Structures are given as structure tokens and as C-alpha cells.
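Q: sharing a model that was predicted from the sequence below.
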Amino acid sequence: MPDPQGYGHRSLPLSRRFTYGVGHVLNDLCASMWFSYLLVYFHKVVNFSNVLAGQLLMVGQVSDALCTPFVGYESDRTSSGCGYGRRKIWHLVGSVCVACSFPFIFNLCITCSNSPDWAQFIYYAPFVVIFQFGWASTQISHLALIPDLVSSPSQRVELNAIRYGFTVLANVTVYAIAWLLLGLEHRSNHHDLSPADADEFRDLAFIVVGIGLLFSFIFHMGTKEPLRPSRADSIIEEQPTIQEDEESEPILKKKKRRRKMTWKCWLKEGQFYQVAVLYMCTRLMVNMTQVYMPLYLTDTLKLDKEYIATIPLVTYLSGFLSSFAMKAVNKFMGRKMTFFLGVLCVLFACDWMWVKDIGLQVYGAAVLLGIGGSTVLVTSLSMTADLIGENLESGAFVYGAMSFTDKLSNGLAVTLVQTLHPCSDVNNAICTPDPCDPVSSVCCSQCEAYYQQVMVYVPGCVGILALLTLATMIHKPIGIKTEVTEREMDNSADHPPVEYGATDSVENSEPCGDVDSTDVPHITCDT
């Protein structure tokens, strides 16, 4: 049941922070397998071509991109979720969809494993779409709970850090189990991935779904969602201003009046797009290195298959350890400088991987990737929470829009990389002058260098784009000012706003938020 606490100062005890933090573990476990092993599984185990494997991932990313704004918008519109909480009810629906669809993705096509590739593609695509809808529902509802649960900026950073800490633990769990299944399997004499490893991936999928469901149960039992004011409430809300002193203790200031923000209001804010670009760049840096690390290890560095578990394990362990310092670093250095240092770590890792025949020095690059990825991810999520501020009525839409840019950009990037692969065409005509060897795990000399270039240029260029975007935000604090002054109240009473391009009367115009005209004048984001 929702927690009937007020919507002034909001904080959580330690136990509630823990139960909130585990609410995304099912998503994290499945996402770790999705990004780390989907391409390598469908290319080397199911024997899809490079392009077909990339197109399947693209189907998932586009589905997720389309679902996230829809889920965010509908989550904001949901009143109370049948008394269970508007965020938690969407989280529950998403968890069920993920658990029911994900095991089919990492399992050979039932009764059709020998069918043509296009037939198997049609078989897998519906499960991918259902999985991505569930994943989006769980992710957006879980993120939107942060500003609902706590009001202090430092506590929001702490919740994001706890959330990311469990994300790292989930990834570590996946890689540790994969290492046990792939690296310590004595009955297997082959060192490269092949169709003989299908059972290991199937078992891994069932194990992570089982673990994830356990943590989802803990989240739903331990997290109490606060009650929200009725949608019929006025557009202006009386809210106390919360300020932190030097020891992060909340100080209650005088009450201020605030206008509500709807999705139309957000689309008119320049800072909304700046934060969206930063979040998109963050996800591209983290996800693209996660997707192509296994192929870089097996095809470029020619390491044994167990390294596709141990190297990512080191990456996420280093990220997990660095996440403990995120709250202190953000408070001491600020969001923007912390994000800047995180991007620098990623760029240094890319420079290290440019070294030819790096060998086991890749462990050092993996540590830098873990620290940098953890830093930029936690900080970008905290920036998003700062952007939302007290505009909780549309928080899920903001997270949905951020995730839309993330999913679509990742899908397009993977599709482009797979299409430009030297052996991307069916007849291997592109792979010249060396013909591709279908028996070897490495097609040709061009393929060996290709994944190294992907690991260097893609996150490197994205990191530079993130720094350029960050430079445009230096002189302005993050957050949308929605406090209403008495002068604005007087002006709005004399000049009620009309929607852009409207030719009807004022009473037919749609304000930015719910309006109770009997109590207050019409205050919108256009005023």
C-alpha cells in the first residue's frame, strides 16, 4: 500500500533504502546478459550472421525506445495503481513480462532450431519485444520513485549510488556464474564459443531470472510509495523549500508556490535536451563497451572464452567500489566536475586499448572503464533527478524521454557497427583480400582489428561529445525554476495564457497541468 506520508520533506530509513535499491536487480541481471552476450550468442551459438544478430538487438532497442515515453506518460497519469502505488504497479507489470519472456531469448528455438535464420528471427522477435516492454516499465517506474521517495539532493545521489551498487553486484553475479559455466566446464575441450555452449547460456538465463524475481519480491514488500495529491488539485502547490546545511541536514525554509510541469512544458526547456544528450552519451559509453568487449577479447586479443566473464567482472567490481565514493565526490566537486572526471577515465581506457597486442593489460583498461562508467552513470542519473526537482507530477515522463534517447541511440549504433563489419555480407564479398574462414572464430585479419577500432572510436567520440555538451552547461545550475511570484500570479489573472497557435477561446486552451479555476488563476509554462 502507498505510504501516507506528506509531500514536504521526504527521507528514507536505511532499511527502506536497501529495499528500494534491490528493485532493479532483475532488470540489471537481464540487461547484463542482453548487452554482454546477445551478439556473441546469436552469432556464434545460434549461427546468425553479423547483420541479423545486430538487427535482432535493434528490434529490442527500438521497442524499448518506443515503450519508455509511453510508460512514463501513463505512469504519471496513473492515479494510485489500484491502491498499490502508481509506480509500483507498473514495476510489477514489467517484472512479470521480463520473467516470462527472457528465458526464451537465450534458448534455442523450440522445435525450429534447424529452420532458416529468417524463420528463427521471427520466432525470437516477439519475445524480445515483450522483454523490452517489461524492462522499460520496470526501469522507468523504479527511477521515477527516487524524487517521490526523497526530497534532499544528497539523498537522491545516495539512492542512485545504492541503485548502481546493486546494478554492479547484478553484473558481477552474471559474470561469475558465466565464468563457472563456461570456464570451469571440464567436459568441454573447446576454447572458442560454439553451438555446443547453448545449454550454458540457457542455464544462465534461468538462474538470473530466478535471482531477479527474489529481489523484486523484496522490493515490493519493503518499499512504500508515498501518496500523491489528487490530479484534481490546483496547478499551484504550496511547498516548503528544503535546503541542506553543511552537514546535509535538511532545513525547512518558508513555503513557496510552484506551477506544475507537463510533458509539453518539458519539451520547451533547453536544459531538458542538454541533460538528455548527457544521459544518451553516458549509456552509449557504458553499453557499447559492454556489448563489444566479449568480441574484442575473443576475436582481437584471441583470449579463451572464460575471459568474456572475467574481464567484465573486473570492470564491474571496480565500478562497484568506486560507487561508494559517489555521494562524497558529488558533494565536494559538484555534478559537472564529477561527470568530467568520469569521462576522462573512459577516454584513458580507450587510449590504452588502442595499443596493439595489449594482452592481459586489458585488465587495467577494464578497471578504468569500470570507474569511469560508474561515475558518469551515477552522476547523469543524479543530474536527471536534479532536473526534475519537485516536479514529481511528470517525473516518469522525463526518465522515459531520457531512456528513449538511450535505447534508440544504442540500437542505431550497434546496427551501424554490425553493418560495417568486414564480414557483414552473406557471401563475404567485403572481406578482401583475405577470404573469410567460416571454421575459425576469427574471420580474417580485418575482423581482428575491427573490434579494437570499435572499442576505441565509439566510446571515445561519444565521450568527447559529452564533454562538449557539458561545456554548454557550465554557467547554469541544473533544474527548472517553477516557483511562482506574486507578480506572475497577478499577470496571469489579467492575461490568461492561450496555447500556441490556438484560435479558440481561452476556456478551450490546454494549460500545462491540472487546473482548478475556482481556487487559482491559470498559471502555465507559457506564462
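A: Sure thing, it's come through. What you are looking at is a predicted structure, and each value in this text was computed from that prediction instead of being measured.
Q: tell me where the model's unsure across the protein.
A: Within the chain, the stretches with pLDDT under 70 are 1-11, 80-83, 183-192, 227-259, 423-446, 480-527.
Q: in it, which spans are strands?
A: Counting by DSSP state E, the segments of the chain that form strands are 236-244, 250-259.
Q: with only the CA atoms kept, save stretch 293-304 in PDB.
A: This file holds the C-alpha atoms of stretch 293-304, laid out as PDB (Å, rounded to 0.1, in the frame of the first residue of the first chain):
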ATOM      1  CA  MET A 293      34.100  -6.300 -25.000                       C
ATOM      2  CA  PRO A 294      33.500 -10.100 -25.500                       C
ATOM      3  CA  LEU A 295      34.100  -9.900 -29.200                       C
ATOM      4  CA  TYR A 296      37.100  -7.700 -28.700                       C
ATOM      5  CA  LEU A 297      38.500 -10.300 -26.300                       C
ATOM      6  CA  THR A 298      37.900 -13.400 -28.400                       C
ATOM      7  CA  ASP A 299      38.400 -12.000 -31.900                       C
ATOM      8  CA  THR A 300      41.100  -9.300 -31.500                       C
ATOM      9  CA  LEU A 301      43.000 -10.400 -28.400                       C
ATOM     10  CA  LYS A 302      42.300 -14.100 -29.100                       C
ATOM     11  CA  LEU A 303      41.800 -14.900 -25.500                       C
ATOM     12  CA  ASP A 304      40.000 -18.000 -24.300                       C
END
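Q: buried sites along that stretch?
A: Of the residues in stretch 293-304, those scored as buried under the neighbour-count criterion (16 or more other C-beta atoms under 10 Å) are 293-301, 303. Quick note: C-beta positions are derived from backbone N, CA and C, even for glycine.
Q: select from those every entry located in helices.
A: Assigned to helices by DSSP state H, the following of the buried residues of stretch 293-304 qualify: 293-295.
Q: looking at those residues, which one is closest to L149?
A: M293 (33.9 Å; C-beta to C-beta).
Q: how far away is the closest one from V454?
A: Distance, M293 to V454, using C-beta to C-beta, to the nearest Å: 10 Å.
Q: which non-adjacent residue is nearest P195?
A: For P195, ignoring the flanking residues on the chain, the nearest one in space by C-beta to C-beta, 6 or more residues apart in numbering is V45 at 5.5 Å.
Q: neighbours around that neighbour, how many?
A: Residues contacting V45 under the criterion other C-beta atoms under 10 Å number 21.
Q: and what of L387?
A: Residues near L387, counting by other C-beta under 10 Å, number 23.
Q: which residues touch it?
A: For L387, the contacting residues are 271-272, 275, 398, 478-480, taking C-beta atoms under 8 Å, 6 or more residues apart in numbering as the criterion.
Q: quick one: which of the residues you listed sit in helices?
A: Judged by DSSP H, the contacts of L387 include 271-272, 275, 398 as members of helices.
Q: by neighbours, which of those residues wins?
A: V398 (28 neighbours).
Q: what's the distance between the closest residue to that one other than its chain neighbours and I140?
A: Leaving out its chain neighbours, the residue that sits closest to V398 by C-beta to C-beta, 6+ apart is I388, at 5.4 Å. The gap separating I388 from I140 is 13 Å, by C-beta to C-beta.
Q: surely I130 is in contact with A99?
A: No: with the criterion set as C-beta atoms under 8 Å, I130 and A99 do not qualify as a contacting pair; they are 10.6 Å apart.
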